[in-house]
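[1] quick one, fold the following:
(one chain, ligands or ions: 1)
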Amino acid sequence: MNDVSGKRVLVTGGSRGLGLALVELLVERGAEVAVVARDGKRLEDLAQRLGVRTLRGDVTDGELARTALREVRPDVLVLNAGASPQMVPLHEQTWESFSEIWNVDVKAGFTWIQEVLRSPLPRGSRVLVTSSGAAVGGSPLSGGYAGAKRMLWWMAQYANGVSAELDLGVHFQALLLRQMIGETDLGRNAASAYALRKGVSLETFLQGFGAPLSPRRYAEHVLTALTDPRLQSAAAVAIQAETGPTPMDVS
Ligand SMILES: NC(=O)c1ccc[n+]([C@@H]2O[C@H](COP(=O)([O-])OP(=O)(O)OC[C@H]3O[C@@H](n4cnc5c(N)ncnc54)[C@H](OP(=O)(O)O)[C@@H]3O)[C@@H](O)[C@H]2O)c1
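    Next up is the predicted model:
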């Protein structure tokens, strides 16, 4: 895929944060975009402002996934929606808070990936699965988040295996953002908790990741992962301000 102009792209969680930045960029580049999220008012505003199609619902709902994929038939599916983890250390988590990211992000990944494989998207379709740098480095204040994001990374790899076995021609890629972006609700919530624990300001904590990355720049890197021939066949792509998007192996 050289560019996204005229391509149908479905972004889950495209109403705020990183997903919204990606939606804005895709619209600018001429893609036909559809967005899934829960907050209806936000979706209405988005549809008016950008002319995107919106589907309201919970990303873990299998019926929503089926309907959305059947109606939109995306060339590119971006599984971006994710819950905000409760930011406390292990001994202060409940099982419910610890497992929330599994029950939202991993369940959504499982549901949508399975649907893509069972009623396959057209050959050449791409699926981006949002993992996290936490899948490599851990994230001690966010319960099961790091393990859940690692599972999503593995699931992208498993899905490529199924796609090859069934000769579907659909390629899955995990995205690992390797620094926190404090401009989104989720990123600010997580980074503030770490900053508080370390006794530093939010700004100082975020500076620890090196050069800052804006949601817009993140979106540009995701677009590069989709269109740069050097990244198109990577099973996972790491994203960081200082290096941009780079291919990564599961290991
Ligand atoms: N920000 C970071 O530093 C960072 C770092 C690494 C990885 N990530 C990952 O990147 C992704 C986006 O993060 P973000 O910072 O942009 O988060 P965010 O600002 O909290 O936005 C989350 C988006 O997902 C939607 N969403 C959440 N739960 C949903 C559900 N159950 N069903 C449907 N939609 C749902 C939200 O809309 P509604 O609430 O209206 O549904 C919103 O559009 C997440 O998967 C996150 O884990 C983020």
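[2] what sits against residue 128?
    76, 77, 78, 79, 80, 172, 173, 174, 175, 222, 225, 226 (CB atoms under 8 Å, 6 or more residues apart in numbering). For the C-beta atoms, the positions are set from N, CA and C on the backbone; glycine is no exception.
[3] go again with 7 Å.
    Residue 128 makes contact with 78, 79, 173, 175, 222, according to CB atoms under 7 Å, 6 or more residues apart in numbering.
[4] that one falls within a strand, correct?
    Yes. Counting by DSSP: H, G, I helix; E, B strand; the rest coil, residue 128 is located in a strand.
[5] skipping its backbone neighbours, what lies nearest it in space?
    residue 78 (4.7 Å; CB to CB, 6 or more residues apart in numbering).
[6] close enough to count as contact, residue 215 and residue 17?
    Yes. Assessed by CB atoms under 7 Å, residue 215 is found in contact with residue 17 at 6.4 Å.
[7] pull up the overlap in contacts between the two.
    Jointly contacting residue 215 and residue 17 under the rule CB under 7 Å, 6+ apart are residue 184.
[8] and the residue lying closest to residue 6 once chain neighbours are set aside, helix, strand or coil?
    Spatially, and ignoring its direct neighbours in sequence, residue 6 is nearest to residue 30 (6.2 Å; CB to CB, 6+ apart). Three-state call for residue 30 (three-state DSSP): coil.
[9] quick one: residues contacting residue 30.
    For residue 30, the contact set (CB under 7 Å, 6+ apart) comprises 4, 5, 6.
[10] roughly how far apart are the second one and residue 142?
    Pointing back at residue 5 there. Distance of residue 5 to residue 142, given as CB to CB, to the nearest Å: 37 Å.
[11] more neighbours: which of these two?
    Each of residue 5 and residue 142 has its neighbours counted (other CB atoms under 10 Å); residue 142 has more, 28 against 10.
[12] how close does the closest residue to the more buried one other than its chain neighbours sit to the ligand?
    Among residues not flanking residue 142 along the chain, residue 85 sits closest, at 3.8 Å (CB to CB, 6+ apart). As defined by CB to the nearest ligand atom, to the nearest Å, residue 85 lies at a distance of 8 Å from the ligand.
[13] okay, residue 85: pLDDT?
    Looking at residue 85, its pLDDT reads 98.
[14] before we move on, what SS does it have?
    coil.
[15] quick one: low-confidence ranges for the chain?
    Within the chain, the segments meeting pLDDT under 70 span 250-251.
[16] what residues does it have near the ligand?
    Counting by CB under 6 Å from any ligand atom, the chain comes close to the ligand at 13, 15-19, 36-39, 42, 58-60, 80-84, 104-105, 130, 132, 177, 180-181, 184-187.
[17] and the residues you listed, which of them are in helices?
    17, 18, 19, 42, 185, 186, 187 (DSSP state H).
[18] alright, I will stop here.
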